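Engineer: task: produce atomic coordinates for the following.
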Amino acid sequence: MRRGLVAAALAALVSAAVAASAVANTSSPQASAQVAACTNVSLGFFGPLTGPAGFLGQEQLSWLRFGVQKYNKAKGTRFKVVQGDTQLKAPVALTVARRLIGNQNVMAVIGGSESQAVRVSGKLLGKANLVSVSGSATAIDLTKGRPYKSFFRVVPNDGIQGPDVIKFVSGNLKAKNVVVIDSQDDYSKPLAAAITRGLRAKKVNVSRESVSADDTDFSSIVANVGGNVTVVIFATQVASAANTLSNQLREQGKRAIVFGTDGAYSPSQFKPRSGYVSVFAPDLHFDPKARAVIAEYRKFVKKDTSGAFGPATYMAGWVAMTAIEKACADGTATRAEVVRNVATSNVPSIIGANVRFDKKGDVRGGKFVIYKIANGKYSPVR
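Structural biologist: Below is the predicted model:
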């Protein structure tokens, strides 16, 4: 990928052309696990760009492009980004995964952004030896038993988030009566169930509710929230839904506040009068040491409305590009080489310590951050 490798890359064009003809058969994952010339390599973005979580994917894509621009400038590389919109729908995610596998220039997938996208694509990507590095998929089972051989994530899993939420709600907030809501998807249901079990073990009274990920009216659920309930925990991937829930609680005169998880983190969309949110990575706007990178990003994007999702995906991209560049030391690279290189990553991070993975593909030392929200203003509390 470096300019000094151009000659080597040109020497590999003949073998790359043969590989390209094999890759043309997109129905076969094995066919696409071919040698790629290192002068034309892409990262495939794999997340929701439209639909109820479109805000999340757009932020991630923006930070990924920012990271690619910085990496190319620093390293003399020419990485590109190919978009893949999952629309927060599992069947669509499967179609997108197949398209990315069939693109001979895609040497790494950044995502899936959502746990359900990883579930439907993980085995297919693994069979194709195409690495996927996620900055936001947190479901525990994605790495338990290593079901998806080429999947890695730069953020911690819900095995950390669940206990954190339980401890904070029962301890710091001293809640005695809580409502826990899931949004009927593969991310929220196990997380909501784990939080419910943990709170009940601490003698907290918990009522369970369930809503569709597409719901925009929670008035019927709000009507059932008792006057003694002080916290409503909403495991959601849609920040606007958490905001609507908070507004409707206030409109009906309920004193309960909303505690959102992961997808609720959005200073531009979840703006309650009072509330909390837990998220898998820090929002760099609160980190004095990140002022330089935030200033660069603001020049890149012009209007910065990002939160915690973008920087984590930036790091997923940086990990992938580092692995690809290493594989390209001889002018060409295979997808299998990239998977191996990602597994041994040790990459300086803008969101914490160096990115390193355990044998399951989980990041080492990852932490969730809890933010308090007062009149729409966020501040870290733990």
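Engineer: ok, Gly84 touching Ser113?
Structural biologist: No: the pair Gly84 and Ser113 does not pass the contact test of C-beta atoms under 8 Å, sitting 10.0 Å apart. To be clear about C-beta, it is placed using only N, CA and C from the backbone, and glycine gets the same treatment.
Engineer: more crowded one of these two?
Structural biologist: A side-by-side neighbour count of Gly84 and Ser113, using other C-beta atoms under 10 Å, places Ser113 first with 32 against 29.
Engineer: strands along the protein, start to end?
Structural biologist: Taking DSSP state E as the criterion, the chain carries its strands at 35-37, 42-46, 80-82, 106-111, 132-134, 151-153, 177-182, 205-210, 231-235, 257-261, 274-279, 332-334, 369-374, 377-380.
Engineer: quick revisit: need the residues touching each of Gly84 and Ser113.
Structural biologist: Among the neighbours of Gly84, those also in contact with Ser113 (C-beta atoms under 8 Å, 6 or more residues apart in numbering) are Phe46, Gly47.
Engineer: what about the helices in the stretch 151-300 of the chain?
Structural biologist: Secondary structure of the stretch 151-300 of the chain, counting by DSSP state H, counting those that start in this stretch: helices at 158-167, 188-201, 219-223, 239-251, 291-301.
Engineer: export these to TSV and tack on mean pLDDT, mean neighbour count and distance to Ala264?
Structural biologist: Supplementary listing: the helices of the stretch 151-300 of the chain in TSV, determined by pLDDT from 0 to 100; neighbours: other C-beta atoms under 10 Å; distance: least, C-beta to C-beta, whole Å:
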stretch	mean pLDDT	mean neighbour count	distance to Ala264
helix 158-167	97	21	12
helix 188-201	97	19	11
helix 219-223	95	15	16
helix 239-251	96	22	4
helix 291-301	97	14	22
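Engineer: output the longest helix belonging to the protein.
Structural biologist: Longest helix in the chain by number of residues, with DSSP state H as the criterion: helix 54-75.
Engineer: ok, back up a step: for Lys359, find the nearest of the helices of the stretch 151-300 of the chain.
Structural biologist: With respect to Lys359, and counting by C-beta to C-beta, the nearest of those is helix 158-167 at 15.6 Å.
Engineer: before we move on, back to that, any chance of the helices of the stretch 151-300 of the chain in JSON lines, plus distance to Pro48?
Structural biologist: Rendered in JSON lines, the data for the helices of the stretch 151-300 of the chain read as follows (distance: least, C-beta to C-beta, whole Å):
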{"stretch": "helix 158-167", "distance to Pro48": "19"}
{"stretch": "helix 188-201", "distance to Pro48": "15"}
{"stretch": "helix 219-223", "distance to Pro48": "24"}
{"stretch": "helix 239-251", "distance to Pro48": "12"}
{"stretch": "helix 291-301", "distance to Pro48": "19"}
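Engineer: so what's the most centrally placed residue in the chain closest to, chain neighbours aside?
Structural biologist: In the chain, the C-alpha nearest the mean C-alpha coordinate belongs to Ser136, at 1.7 Å (C-alpha atoms, centre = their mean). With C-beta to C-beta, 6 or more residues apart in numbering as the criterion, Ser136 has its nearest non-adjacent residue at 5.0 Å, and that residue is Ser113.
Engineer: in contact with that neighbour, which residues?
Structural biologist: Counting by C-beta under 8 Å, 6+ apart, Ser113 touches 46-48, 53, 56-57, 60, 86, 134-137, 313.
Engineer: what do you get for Val165?
Structural biologist: When contacts are counted by C-beta under 8 Å, 6+ apart, Val165 touches Ile195, Ile233, Phe259, Thr261, Ser278, Ile370.
Engineer: repeat the analysis, applying 7 Å as the threshold.
Structural biologist: If you count contacts by C-beta atoms under 7 Å, 6 or more residues apart in numbering, Val165 has them with Ile195, Ile233, Phe259, Thr261, Ser278.
Engineer: beta-bridge partners for the last one, please?
Structural biologist: Read it as Ser278. As for beta bridges, Ser278 partners with Thr261, Ile370 under DSSP bridges.
Engineer: before we move on, the earlier item: can you give me the offset of the longest helix of the chain from its chain's centre?
Structural biologist: Taking the mean of its C-alpha atoms, helix 54-75 sits 13 Å from the chain's own mean (C-alpha atoms, centre = their mean, to the nearest Å).
Engineer: buried residues, that helix. List them.
Structural biologist: Using 16 or more other C-beta atoms under 10 Å as the burial criterion, the residues of helix 54-75 that qualify are 54-68, 70-71.
Engineer: quick one on the thing from earlier: dump the contacts of Ser113 into CSV; add distance to Asn177 as well.
Structural biologist: Converted to CSV, those look like this (distance: C-beta to C-beta, whole Å):
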residue, distance to Asn177
Phe46, 40
Gly47, 36
Pro48, 34
Ala53, 30
Leu56, 31
Gly57, 35
Gln60, 36
Thr86, 37
Ser134, 35
Gly135, 35
Ser136, 31
Ala137, 32
Thr313, 37
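Engineer: so which one among those residues has the lowest pLDDT?
Structural biologist: Ranked by pLDDT, the contacts of Ser113 bottom out at Ala53, which has 89.
Engineer: could you tell me which residues make contact with it?
Structural biologist: Leu88, Gln237, Val238, Gly263.
Engineer: which of the residues you listed sit farthest apart?
Structural biologist: Leu88 and Gly263 (9.6 Å).
Engineer: and for these two, which residues touch both?
Structural biologist: Each of Ala53, Gln237 lies in contact with both Leu88 and Gly263 under the rule C-beta under 7 Å, 6+ apart.
Engineer: the more surrounded of these two?
Structural biologist: Neighbour tally, Leu88 and Gly263, criterion other C-beta under 10 Å: the higher count belongs to Gly263, 34 against 27.
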